[in-house]
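What follows is a predicted protein model with its sequence.
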Amino acid sequence: MLKLFRVTNFKNYKDTVELSLETANQYDFNMAAVENNIVKHAIIYGENASGKTNIGYALFDIVIHLTDNNRKLQNYRLYKHMDCQNKPVVFHYEFLINGVSVIYDYEKASCQVLLRESLKINDREVLNYDYERKCGYTRLAGSENLSINLSESGISIVKYVKNNAVLDNSVEENQVFIKF
């Protein structure tokens with residue numbers, strides 16, 4: 001379940017925009033909208049052209065490089081903020097999966113070009129890759145002997161490990177990773 005989302009330099013958002021779904025306020029009026037102190041049903045509203053759709057595109061950017069789902073890349077044509085074309089777009093996701101904290105950070109030069117990627121489970125970095133320096137690592141049980149050279153493929157390290165490693169299913173960290 002998504003707890004927190006942040007994005008910087010995406011479309012009309014030059015500065016960092018944050019969407020927290022943790023229930024800092026009282027939701028006694030509608031407990032059906034809350035699970036594990038996280039809002040599971042929310043509405044984003046505002047004036048026309050205020051950026052509601054772009055928040056949705058930013059939230060779902062993760063789908064572009066982690067899944068094989070049908071993608072509408074035309075919606076990501078104008079990717080970076082016009083004033084920051086020389087800076088990456090920075091994404092930060094925090095999830096609660098099986099009661100475990102999962103933090104996924106990545107940077108992109110464009111819609112389909114990853115620059116850096118990091119995945120933490122319970123504050124332990126289990127995956128990291130720098131596409132510019134062409135180096136990275138995985139610390140998931142069962143992925144120790146996996147050759148990690150993603151520089152030419154452009155594939156996400158998360159997707160690469162998921163599809164190519166034989167992970168030990170008895171390890172909770174791996175169970176959380178697979179569910180992620």
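Arrived safely. Numbering: from 1, shown residues only.

Please count neighbours and contacts with C-alpha atoms only from this point.
Will do.

element containing residue 153?
Per DSSP states H and E: residue 153 is located in neither a helix nor a strand.

swap in residue 65?
helix 61-66.

packing partners for that helix?
helix 157-164 (3 or more C-alpha pairs under 8 Å, 6 or more residues apart in numbering; DSSP states H and E).

quick one: average confidence on the helix it packs on?
Mean pLDDT, helix 157-164: 94.

where's that helix relative to the chain centroid, distance-wise?
15 Å (C-alpha atoms, centre = their mean, to the nearest Å).

do stretch 85-102 as well
Using C-alpha atoms, centre = their mean, the offset of stretch 85-102 from its chain centre is 4 Å.

Show me which positions of it end up buried.
Neighbour counts using 16 or more other C-alpha atoms under 10 Å place 88, 89, 90, 91, 92, 93, 94, 95, 96, 97, 101, 102 of stretch 85-102 among the buried residues.

Residue 60: neighbour count?
10 (other C-alpha atoms under 10 Å).

what's it sitting at in phi/psi?
Per-residue torsions, residue 60: phi -90, psi 10 (degrees, to the nearest 10).

Per-residue pLDDT of it, please?
Model confidence at residue 60 (pLDDT) stands at 91.

residues in contact with it?
If you count contacts by C-alpha atoms under 8 Å, 6 or more residues apart in numbering, residue 60 has none.
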